[in-house]
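J.: from the sequence below, what's the structure:
(one chain, ligands or ions: 2)
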Amino acid sequence: MTTQNYVIDEMISAKSIAARVEALAREISEHFAGTDKLVVIGLLRGSFVFIADLVREIDLPVEVDFLEVSSYGNSTESSREVRILKDLRGEIEGRDVLVVEDIVDTGNTLSHVLAILRTRNPARLEVCALLDKPSRREVDVTARWIGFEIPDKFVVGYGIDYAQRNRNLPHIGAVRFIA
Ligand code: IMP
Ligand code: MG
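T.: Ligands and ions are numbered 1, 2, ... in the order given. Prediction:
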């Protein structure tokens, strides 16, 4: 794939991320305290680093599952549906479900994913997103837990890609295009 030349400006350090993940996991552990039916669902692929760090700080019995949905690309249709590319392996009926997402941008993906999961009757359904770009929101959807609110910039790292690259960066950086 050909992409424009760009550099990456560090926005959130690996150390800040680690501290925030620990705090989020503490709140999540308190919220679900006592449960023995927690399943943490990572939305592929952007959440894979975040979910790996997050579950290791959650102090509860926990199962991990993954869901992959199609992104709608740059489509500007109003009814932007998402399709399931890879479904969960397990049932979530009666379970306490925590969806882990990398970024909530327009909110379309998350709102469709939640609608799909709600039809399966989980006992509780909550969301933890690493990043939130509230200024971009088109659909009224919120995550109970947010790692960081960020401005309307295209970011990479810590699992998040630009054209499939940069997922391996340990920090979050903003992409800046250069000539
Ligand atoms: P939404 O449906 O518009 O909320 O888009 C959410 C998805 O778009 C995220 O899960 C990301 O996969 C992708 N996305 C949104 N913003 C960025 C970004 O700044 N960098 C990389 N991917 C992004
Ligand atoms: Mg995504």
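
J.: quick one, strands of the protein?
T.: 6-12, 38-44, 62-69, 84-86, 96-104, 124-132, 145-149, 155-156, 172-177 (DSSP state E).

J.: could I get these as TSV with mean pLDDT?
T.: As requested, these are arranged in TSV below (pLDDT from 0 to 100):
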stretch	mean pLDDT
strand 6-12	98
strand 38-44	98
strand 62-69	98
strand 84-86	97
strand 96-104	98
strand 124-132	98
strand 145-149	98
strand 155-156	98
strand 172-177	98
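
J.: end to end on stretch 2-22, go ahead and measure it.
T.: End-to-end distance for stretch 2-22, by CA to CA, to the nearest Å: 37 Å.

J.: any part of that stretch near ligand 1?
T.: No. Using CB under 6 Å from any ligand atom, stretch 2-22 stays clear of ligand 1, coming no nearer than 10.2 Å. In short, each C-beta sits where N, CA and C put it, glycine included.

J.: which residues are contacting that stretch?
T.: Identification of contacts with stretch 2-22 by CB atoms under 8 Å, 6 or more residues apart in numbering yields 50, 53-54, 57, 130, 147-148, 150, 153, 155-158, 162-163, 166, 169-179.

J.: list the buried residues in that stretch.
T.: 6, 8, 11, 12, 17, 20, 21 (16 or more other CB atoms under 10 Å).

J.: and stretch 123-142, by the same measure?
T.: Those would be 125, 126, 127, 128, 129, 130, 131, 132, 133, 141, for stretch 123-142 by 16+ other CB under 10 Å.
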